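> this one's sequence-less:
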């Protein structure tokens with residue numbers, strides 16, 4: 001079974017050792033290492049608590065995988081048309097710490113009620129099996145009698161009573177295949193959900209995101225819990241949250257912002273990206289737009305960002321928390337200045353998304369500047385990959401394009417190559433026409449910063465005509481909220497970082513080409529943003545650094561599509577090389 005680490009339609013009859021062996025082997029295949037002893041002991045404990053109370057008519061999935069992120073549900077118990085998610089907790093000591101977290105046997109965990117509701121909500125909102133199967137959930141705490149926030153059972157008899165509510169008819173082959181062959185579909189996009197539900201979110205962000213299928217994972221929820229605890233104790237802690245592309249940094253940043261406000265704390269969310277901040281301000285509306293601020297504006301706004309010399313500190317009088325998203329784009333001076341603000345601070349960053357030569361948002365620089373100010377630092381690593389279908393597998397596939405290592409693309413992700421841009425545009429149009437008209441997929445075009453700079457010449461593609469998006473206050477918000485034709489305009493790397501779409505068409509230019517290895521062509525680069533620190537300048541003065549930054553730019557653009565990415569290559573040898581990679585990778589779509 002691909003959907004879980006173990007499956008049986010005759011669960012009570014399978015020996016425990018056989019189940020553990022299969023779980024262990026499938027875990028190693030899935031994650032590249034053996035499970036820790038603590039994990040195996042947890043499996044054995046739950047088997048002892050489950051097997052005598054699950055009937056032979058119940059199909060059992062253990063460690064049901066969610067393809068977006070690293071989450072797994074302990075059990076899915078399936079009968080005809082009904083599925084029950086069971087989170088089995090063998091803690092002997094349980095203590096609720098706050099609204100989101102608990103202490104289980106002296107270790108910090110996400111609240112199991114939130115956890116099971118999160119899994120059920122994701123299945124209901126995003127899994128294709130929800131068309132024929134109703135999902136519910138329960139927490140089974142088989143060594144304690146604590147916890148009452150949700151439906152909790154404490155012994156086998158109570159679990160058996162819950163199972164008696166399921167249909168008498170056993171799960172059919174169709175039911176089982178609905179889980180096994182079904183897929184998670186990105187039924188809504190975060191930015192669209194926020195725009196349509198800002199009232200619900202401000203009333204209770206955690207519940208609103210949870211019910212919509214955007215519930216935080218355990219690693220994400222721990223960040224929320226720790227930051228809220230620091231605010232409650234008025235500690236100016238510096239949280240350094242490092243996460244790769246698609247790890248959910250923006251979702252956690254928004255959850256922190258809204259949850260802080262709900263609890264009565266003044267909070268700001270700060271960016272450098274003027275295209276992203278203007279789009280989010282439009283999404284939140286005029287009442288809440290002031291919650292979004294710049295941490296860096298540069299000379300265009302007379303250095304008035306939160307981390308710059310002309311910012312008025314008086315504006316932070318009623319602020320307890322500042323959240324810096326995309327903080328890898330901070331310069332050293334901006335980092336130093338933000339560390340001087342005596343507030344609880346959260347820096348979300350990814351060192352592999354640095355775009356310009358003077359950007360210094362690295363773990364080493366943040367830690368150094370925090371120590372200089374005597375600030376207490378908490379470093380956190382987000383390991384999940386949540387944006388796209390296939391999750392971490394797609395991340396590995398992207399890495400393989402540039403590393404030379406072979407990694408399979410997840411079958412559910414739609415990745416295609418094109419030698420003709422009209423064919424790519426036609427394929428994207430077909431996606432829109434072929435999908436459910438009630439909710440057509442969101443499309444977007446991204447392009448390398450080549451051919452034209454958008455100033456003297458606004459056309460990026462001449463035939464058919466495709467224009468650069470330029471105005472950050474009007475064009476970008478309109479484009480990313482679906483008010484502009486997505487196939488007549490395109491965004492550069494600066495207009496794509498922080499955004500997402502269902503399907504992305506990428507115009508791969510002649511700046512990064514394959515000539516036996518990945519090679520930059522300085523004469524093709526039109527990106528002069530940043531002056532001496534620009535990609536164009538670095539391609540001449542520091543070519544290896546420029547090459548690394550350019551590879552990172554393509555990885556960013558290749559990870560913006562949640563369901564699929566279509567690539568048109570303007571350089572033929574590069575296209576041939578990519579096709580060669582794909583010929584060694586099963587399950588790839590090629591044109």
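Noted; the coordinates are in hand. Note that this is a predicted model, so its numbers are computed, not measured. Residues are numbered from 1 along each chain as shown.
> Low-confidence regions, the stretch 51-200 of the chain specifically.
Across the stretch 51-200 of the chain, residues meeting the criterion (pLDDT under 70) sit at 67-70, 146-149, 184-189.
> Please apply the same query to the chain.
Counting by pLDDT under 70, the ranges of the chain that qualify are 1, 67-70, 146-149, 184-189, 385-387, 434-439, 584-591.
> buried ones in stretch 409-422?
409-410, 412-418, 421 (16 or more other Cβ atoms under 10 Å). The C-beta positions use only the backbone N, C-alpha and C, and glycine is treated the same way.
> got those residues as JSON lines, with distance to residue 151 and secondary structure columns?
Below are these laid out as JSON lines (distance: Cβ to Cβ, whole Å; DSSP: H, G, I helix; E, B strand; the rest coil):
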{"residue": "409", "distance to residue 151": "39", "secondary structure": "coil"}
{"residue": "410", "distance to residue 151": "33", "secondary structure": "coil"}
{"residue": "412", "distance to residue 151": "31", "secondary structure": "coil"}
{"residue": "413", "distance to residue 151": "35", "secondary structure": "coil"}
{"residue": "414", "distance to residue 151": "38", "secondary structure": "strand"}
{"residue": "415", "distance to residue 151": "41", "secondary structure": "strand"}
{"residue": "416", "distance to residue 151": "44", "secondary structure": "strand"}
{"residue": "417", "distance to residue 151": "48", "secondary structure": "strand"}
{"residue": "418", "distance to residue 151": "50", "secondary structure": "strand"}
{"residue": "421", "distance to residue 151": "54", "secondary structure": "helix"}
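> which one of these is nearest residue 183?
residue 412 (5.0 Å; Cβ to Cβ).
> The closest one contacts residue 183, correct?
Yes - applying Cβ atoms under 8 Å, one finds residue 412 in contact with residue 183, separated by 5.0 Å.
> re earlier: ok, so of the buried residues of stretch 409-422, who is nearest residue 293?
When those are compared against residue 293 (criterion: Cβ to Cβ), the nearest one is residue 413, at 35.5 Å.
> Surely the closest one is in contact with residue 394?
Yes - if you go by Cβ under 8 Å, residue 413 and residue 394 touch, sitting 5.3 Å apart.
> intersection of neighbour lists for these two?
residue 388 (Cβ atoms under 8 Å, 6 or more residues apart in numbering).
> where does residue 460 land in three-state SS?
For residue 460, the assignment made with DSSP: H, G, I helix; E, B strand; the rest coil gives strand.
> Let me know the distance separating residue 55 from residue 190.
40 Å (Cβ to Cβ, to the nearest Å).
> ok, now residue 472?
Distance check for residue 472 against residue 190: by Cβ to Cβ, it reads 20 Å.
> for the stretch 101-250 of the chain, what spans make up the helices?
Remark: helices assigned in the stretch 101-250 of the chain by DSSP state H, counting those that start in this stretch are 112-126, 156-163, 173-180, 190-196, 198-203, 205-211, 218-232, 249-262.
> right, and these - which one's nearest residue 341?
Ranking those by proximity to residue 341 (Cβ to Cβ) places helix 218-232 first, at 14.4 Å.
> tilt between the closest one and helix 112-126?
Angle, helix 218-232 to helix 112-126, by axes from the mean of the first three to the mean of the last three Cα atoms, to 10 degrees: 130 degrees.
> Report all helices and strands that helix 218-232 contacts.
Helices and strands touching helix 218-232, by 3 or more Cβ pairs under 8 Å, 6 or more residues apart in numbering; DSSP states H and E, are strand 101-104, strand 107-110, strand 238-243, helix 249-262, strand 344-349, strand 377-382.
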